[in-house]
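>>> Kindly return the folded structure for what I paste below:
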Amino acid sequence: MQLNLIQLVNIAKRRHDLTNLLVISQLCLPLILEEYSRSKNLVCFLNYLDIHREYLNKITKIDNSSITLTIEKMSRFQQDFMIELDIEHRSVFLWKIQLAKFYLNNNIEFKRSEYLDLFKKLMNKEGFDDVKLELYGMSSQYGEEIFFKQINESKLEKPEKLKYFSLRFHHWVRVRNFDESEKWLLKFEEGCMNYDFSFYESDIVFHKVWFLYWKSQFNKALELLEQLDEAVKQMSDTFYFLESLLLLKLGKYDEAETVYDGRSIVDTNDDSILSFVKFMKCDFSGVKKLLEKWKVVNEINNILDYVCLYEMKWNDFNRKKNSSSFNQNEDFIKSLKECVEMKKIIVKMYDDFFLHSYRLTF
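As a prediction, this is how the structure comes out:
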């Protein structure tokens, strides 16, 4: 039973079908934990951690109403399985890292020392290079280049080596060094083709599209994205996110908004891209409705604050514009400039959020 459940989770993950991954994980976890309670088979518990890690990955950023309950559940779980979670095993370390990311991304300050201790312990530990990859971006005390030097590439197996290439690609995209990012994109593509091209074809396309997006080659990126097999398009959350983002940048706001019609929205990135579309359409109430539940994330909270300020300026501008006493030569230009400048700031805030918070996974 465990093997079939794990296979289901891995299939959903490979297809970038994160919505079904969440549903499958929720169904699987109680069954596996119940089996472990009966058998006390450690392999069973490790399987539980592997699936629960994927679940935590999906809900890394959750809304305010769920955060307290989730923290309480995690604390009880750690107390109940203290002995098992003290084992130095790959699955245990990976689960602890994902939990640390959950705390980090939800600004749970009282857990900060806990995940920093985990970070230091693993970075100073011999081996576990594939596990160390998951620590990427978790501590500002390690510059990214210093972080990569702690990883022995030669000891990485597939698909960890591909993940290593992908992380280095993302690093150089984030600092806008497109020459270096292209080198790692080619390494990633070559690595995929050396293993099984058909299995990784969509991952190659997604990385190329992300590269073209940040070079502002939106039409070219969209054309490449649309070449994917229809089955991949239907199942992949990554496809929908990228398609909506590209349509938005091309000024096709209605099309960008309808991309998510009929789809479940449970992820910060999906709500953020939809709120971005609504902002560009001046649907401020729609923006606030989407982002209110993600205020726990600092970057989103900042965007929300600026959108509220922009709404006030926009409404003030329109009131003045429609007033008979409105001075077209002075007040109009001044008010218009204020709106234009603030809009640029908000667009950049959205861009920065996607650049630093979104990472292609496979």
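
>>> Report the separation between residue 107 and residue 290.
Remark: distance between residue 107 and residue 290 (Cβ to Cβ, to the nearest Å) = 19 Å. To be clear about C-beta, it is placed using only N, CA and C from the backbone, and glycine gets the same treatment.

>>> quick one: low-confidence ranges for the stretch 151-300 of the chain?
The stretch 151-300 of the chain contains residues with pLDDT under 70 at 197-199, 262-268, 296.

>>> what about the helices in it?
Taking DSSP state H, counting those that start in this stretch as the test, the helices found in the stretch 151-300 of the chain are 160-174, 178-195, 197-214, 218-226, 230-235, 237-249, 253-258, 268-280, 284-291, 298-321.

>>> elements contacting the last one?
Meaning helix 298-321. Using 3 or more Cβ pairs under 8 Å, 6 or more residues apart in numbering; DSSP states H and E, the elements in contact with helix 298-321 are helix 268-280, helix 284-291, helix 331-357.

>>> Count the residues that sit near the residue nearest to residue 317 when sequence neighbours are not counted.
Among residues not flanking residue 317 along the chain, residue 335 sits closest, at 4.4 Å (Cβ to Cβ, 6 or more residues apart in numbering). When neighbours are counted by other Cβ atoms under 10 Å, residue 335 registers 19.

>>> same check, this time on residue 95
Other residues near residue 95 come to 20 when the count uses other Cβ under 10 Å.

>>> Just the angle for the helix or strand harbouring it relative to helix 298-321, thanks.
Using DSSP states H and E, residue 95 sits within helix 90-105. Angle of helix 90-105 versus helix 298-321, following axes from the mean of the first three to the mean of the last three Cα atoms, to 10 degrees, is 30 degrees.

>>> next structured bit after helix 90-105?
For helix 90-105, the succeeding helix or strand toward the C-terminus, using DSSP H and E, is helix 112-123.

>>> which helices and strands does that next one pack with?
helix 90-105, helix 129-132.

>>> one step back: which one's more surrounded, residue 107 and residue 290?
residue 290 (23 against 13).

>>> Contacts only, for the closest residue to that one other than its chain neighbours.
Leaving aside its sequence neighbours, residue 290 sits nearest to residue 275 (Cβ to Cβ, 6+ apart; 4.1 Å). Residue 275 is in contact with 286, 287, 290, 291, 303, counting by Cβ atoms under 8 Å, 6 or more residues apart in numbering.
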